[in-house]
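Peer 1: Structure of the sequence below:
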Amino acid sequence: MTDFIARPGQIVDGYDVTQRLGTDYYAVFADIPDEDRAVWERAQAFVDEVGDRMQGAWDRAEYPLDIARRLGELDLLNDGVEHPGLTRFSPLAAGLVNMEVSRGDGSLGTVVAVQGGLALRTLALLGSPEQQETWLLPIARCEVPAAFALTEPDHGSDSVSLETVARRDGDEWVLDGAKKWIGNGASGGVTFVWARVDDEGSDSHGSVRCFLVEQSTPGYTGTVIEGKASLRGIHQAHIALDGVRVPLDAVLPGAKSFKDASTVLYSTRSGVAWSALGHATACYEAALSYSQQRVQFGKPLAKFQMVQERLAQMLEELTAMQLYCRHLADLELSGGLRPTQASLAKYHNTRAARRIAAYARDLLGGNGILLENGVMQHMADIEAIHTYEGTESIQALLIGRDITGMSAFA
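Peer 2: Residues are numbered from 1 along each chain as shown. Okay, the predicted model is just below:
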């Protein structure tokens, strides 16, 4: 059954499968600069290299850290983060990496989002020169797994209400609290922990700060969350912080309020839109390839009117997703991207990806539930990206506040 799945660059009967299937129907990516295309091709080669292993890892709920490190070796993790010493990716190149890696495997797409989009960006934007000197390149190369710990067991969408606290004790900070759904939070690296300062004698009392915590620090316990039906090839953790002591210089000087955490999150919402496009592309390609090869009632499924209409519906949605992403990259490159524009792209693309995955699953019939055919895995993984970096409802309220001038949050 694996012959039904089209992979980027796969040659069948003398044709590049991606070209033959007409995935880029509006030639949205036909004119991208050579430098960006080279990055895209590097991501394609990576996906081909690790695809079979990741399919098995997803099935067994294993996190192969050596494959995550391979992303760093190939310099595919910087997610457009700008800083001396890092390779600069344009917004388009960063988006294409998110798309392509997610097209191959959603768990690895989440590695890009966590290691590069969240952790590396937090350090590059908010860290001290000394923190950056020590940790920036090891994180960019994935020599050190890195986590971004904001979400808590009782605070997901309302993460502004976080209860994890940091108090001063002499020349140390002491952290207490809990975090949940933290990618790389139990992988033996470092975690950027967001906490509320409890120090009544300080001007920062009640403010939200970020602390760089090595996961080997006493009192830090990261437990892998089991029983996930989505993103099974990366570990998310439940983190307990019980009297975790870190030096005063563990705080990131640029992180002074929850607004700074929001700045990082806004920057990664574009990446989620691109990731959704990657998942949807894989589902569409699988459905189209299957319909051309699967024979029922004496003819290929692709010759049935209902199948052609369904494929046209999928392509309509996919092309809209591509146009959203391409223009999003252009806006970001010009410096004119607003946070709610990124929210709209995530809102549209994860919803559209869900619909495309459902169409593909249906078109493959009983074979659609087999992991070897890819669609069911992508369908499950889309459910996770639809939720993280702000749920559908939260994105809608952010957009609604922007267009009406009135907040529905309070």
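
Peer 1: Identify the residues contacting Gln308.
Peer 2: The contact partners of Gln308, by C-beta atoms under 8 Å, 6 or more residues apart in numbering, come to Ala302. Where C-beta positions appear, they are placed from N, C-alpha and C, glycine not excepted.

Peer 1: Identify each buried residue in the helix or strand hosting it, please.
Peer 2: Taking DSSP states H and E as the definition, one finds Gln308 inside helix 305-334. Neighbour-count burial for helix 305-334 flags 307, 310-311, 314-315, 317-318, 321-322, 324-326, 328-329, 331-332 (criterion: 16 or more other C-beta atoms under 10 Å).

Peer 1: do the same with stretch 121-141
Peer 2: Buried residues in stretch 121-141, counting neighbours by 16+ other C-beta under 10 Å, are found at 121-128, 131-132, 134-137, 139-141.

Peer 1: related to what we said a few turns ago, give the next helix or strand downstream of the helix holding Gln308.
Peer 2: Note on helix 305-334: by DSSP H and E, the next helix or strand toward the C-terminus is helix 339-363.

Peer 1: Now do the strands in the stretch 51-200 of the chain.
Peer 2: Taking DSSP state E, counting those that start in this stretch as the test, the strands found in the stretch 51-200 of the chain are 146-149, 165-169, 172-183, 190-197.

Peer 1: could I get the ones you listed as TSV with distance to Ser267?
Peer 2: Shown next, in TSV, are the strands of the stretch 51-200 of the chain (distance: least, C-beta to C-beta, whole Å):
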stretch	distance to Ser267
strand 146-149	12
strand 165-169	24
strand 172-183	16
strand 190-197	14
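
Peer 1: For Tyr284, which of the ones you listed is the nearest?
Peer 2: For these, proximity to Tyr284 was assessed by C-beta to C-beta; strand 172-183 is nearest, at 26.7 Å.

Peer 1: Report all helices and strands that that closest one contacts.
Peer 2: Judged by 3 or more C-beta pairs under 8 Å, 6 or more residues apart in numbering; DSSP states H and E, the packing partners of strand 172-183 are strand 146-149, strand 165-169, strand 190-197, strand 208-214, strand 236-247.

Peer 1: Other residues contacting the last one?
Peer 2: Where contact means C-beta under 8 Å, 6+ apart, the residues beyond strand 236-247 that reach it are 147, 149, 153, 164, 169, 171-187, 191, 193, 211-213, 217-225, 228.

Peer 1: Alpha carbons only: can I get stretch 363-377 in CSV?
Peer 2: The C-alpha coordinates for stretch 363-377 follow below in CSV (Å, rounded to 0.1, in the frame of the first residue of the first chain):
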residue,chain,number,x,y,z
LEU,A,363,-11.5,8.7,-0.3
LEU,A,364,-9.1,6.0,0.7
GLY,A,365,-11.9,3.9,2.2
GLY,A,366,-10.8,1.2,4.6
ASN,A,367,-7.2,1.7,3.6
GLY,A,368,-7.4,5.2,5.0
ILE,A,369,-7.1,4.0,8.5
LEU,A,370,-3.8,2.2,7.9
LEU,A,371,-0.8,4.2,9.2
GLU,A,372,1.3,3.0,6.3
ASN,A,373,-0.8,5.2,4.0
GLY,A,374,-0.1,8.3,6.0
VAL,A,375,-3.4,10.0,6.0
MET,A,376,-4.6,8.8,9.4
GLN,A,377,-1.3,9.9,11.0
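
Peer 1: Name the residues of that stretch that come out as buried.
Peer 2: 363-364, 367-368, 373-377.

Peer 1: One more: stretch 166-178?
Peer 2: Buried residues in stretch 166-178, defined by neighbour count with 16+ other C-beta under 10 Å: 166-168, 173-178.
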